[in-house]
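Everything below, folded, please.
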Amino acid sequence: MILPDERWADGGWRWSRAEALGFHHAWTYDHITWRSLRDGPWFGAVPTLTLAATATSTIRLGTLVASPNFRHPVPFARDLLALEDAAGGRLTVGIGAGSASGDATVLGQAPLSPRERADRFEGFVTLLDALLTAAETTLDVPGFSAVDAPMRPGCLQQPRLPFVIAATGPRGMRLAARFGQGWVTTGDPETDEGLVDAAQGAAAVRRQVEALERACADVGRDPTTIERTVLTGLPLDPGLGSSEQLRDTIGRYGEVGATELVLHWP
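So this is what the prediction gives:
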């Protein structure tokens, strides 16, 4: 996870360095503002990833995560087509419902309840899936509409570029089971702010993996076909205190069913 917090001339090298170090993928956050960093430098995710695509050749790139807080599926899908093309097909789009943060009100919209956010997220994912799998789309979903929206030439990856869906609750898990090539978690949303140790973090992820597998069973999907990504950091233990601690953290999450681990650039 590489924050979009430096001018490219100063921080762009981090992407090629991540590739040279052998990482499988590199991500950035997709926010207008973010927590305590809202008054500091912060660049857009799509142009940042486009520059990253030109600076790399093998590492996969992606958003972790984009949300409907300030995005509409139609222009976002157009941006994703161009970004995937720049990356030569090395793009994964991480998407989530978004929180009641500054992103949720920055366009002047009224705050939504958790249920309303879940409704809008389901509509967002449904429409984004439709847009990226068809040459032209007309569809009404909760919160969004598309009328004769063209998406040519289409995705390089077929039937569309992969989704990694952030989810912790039952509705989000069902969306991940239906539409996701991957699922991502940052741990237990009920955990108080602050780090937990790797054992506690892995226990929370184990419970979530079990819920994901139940959601897969509900929709008739083989649960082994969905990647399970853990994004470390609050509230999960980043496990960067030493190489031994990192190996222990990786092992613990692997034991509970995680297939991918994302670490923040130190």
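
hey, let's count contacts and neighbours off CA atoms from now on
Noted.

beta partners for the residue nearest the centre of the chain?
Residue closest to the average C-alpha location in the chain (CA atoms, centre = their mean): residue 94, at 2.4 Å. Note on residue 94: beta-bridge partners residue 164, judged by DSSP bridges.

my guess is it contacts residue 167, does it?
No - taking contacts as CA atoms under 8 Å, residue 94 lies outside contact range of residue 167: 10.9 Å.

Mind naming the longest helix for this protein?
If you go by DSSP state H, the chain has its longest helix at helix 198-218.

Just checking the distance from it to the centre of its chain.
On the basis of CA atoms, centre = their mean, to the nearest Å, helix 198-218 sits 18 Å off its chain's mean C-alpha point.

so who does residue 50 touch?
Residues near residue 50 by CA atoms under 8 Å, 6 or more residues apart in numbering: 83, 86, 87.

Report how many residues lie close to the last one.
Read that as residue 87. For residue 87, the count of nearby residues is 24 (other CA atoms under 10 Å).

same check, this time on residue 143
By other CA under 10 Å, 15 other residues sit near residue 143.

That one contacts residue 123, doesn't it?
Yes - using CA under 8 Å, residue 143 is in contact with residue 123, at 6.4 Å.

circling back: immediately after the longest helix of the chain, which helix or strand?
Next along the chain after helix 198-218, taking DSSP states H and E as the criterion, comes strand 227-231.

Tell me which strands that next one pairs with, and in which orientation.
If you go by DSSP bridges, strand 227-231 pairs up with strand 182-185 (parallel), strand 260-262 (parallel).

Of all the ones you listed, which one is nearest residue 149?
Closest to residue 149 of the strands paired with strand 227-231, according to CA to CA: strand 182-185, at 26.2 Å.

what sits up against that closest one?
Outside of strand 182-185, the residues within contact range by CA under 8 Å, 6+ apart are 162-168, 176, 205, 226-231.

ok, residue 27 touching residue 63?
Yes - using CA under 8 Å, residue 27 makes contact with residue 63 at a distance of 5.5 Å.

returning to that earlier point: list the contacts of the residue nearest to the centre of the chain.
If you count contacts by CA under 8 Å, 6+ apart, then residue 94 has 62, 63, 64, 65, 66, 163, 164, 165, 166 around it.

What's the per-residue pLDDT of it here?
As predicted, residue 94 sits at a pLDDT of 98.

One more: residue 236?
If you check residue 236, the pLDDT there is 75.

The one 10 residues further on too?
Predicted confidence (pLDDT) at residue 246: the value is 90.

ranges for the strands of the protein?
25-28, 60-66, 91-95, 136-141, 144-150, 163-166, 182-185, 227-231, 260-262 (DSSP state E).

can you pick the most crowded of the contacts of strand 182-185?
Neighbour counts for the contacts of strand 182-185, by other CA under 10 Å, peak at residue 165, which reaches 29 neighbours.

roughly how far apart are that residue and residue 244?
In this view, residue 165 and residue 244 are 30 Å apart by CA to CA, to the nearest Å.

mind checking how far residue 53 is from residue 24?
Per CA to CA, residue 53 is found 14 Å from residue 24.

between these two, which one's more packed in?
Using other CA under 10 Å as the criterion, residue 53 and residue 24 rank with residue 53 on top: 25 against 13.

Quick check: that one touching residue 91?
No - Residue 53 is not in contact with residue 91 according to CA under 8 Å; the separation is 9.0 Å.
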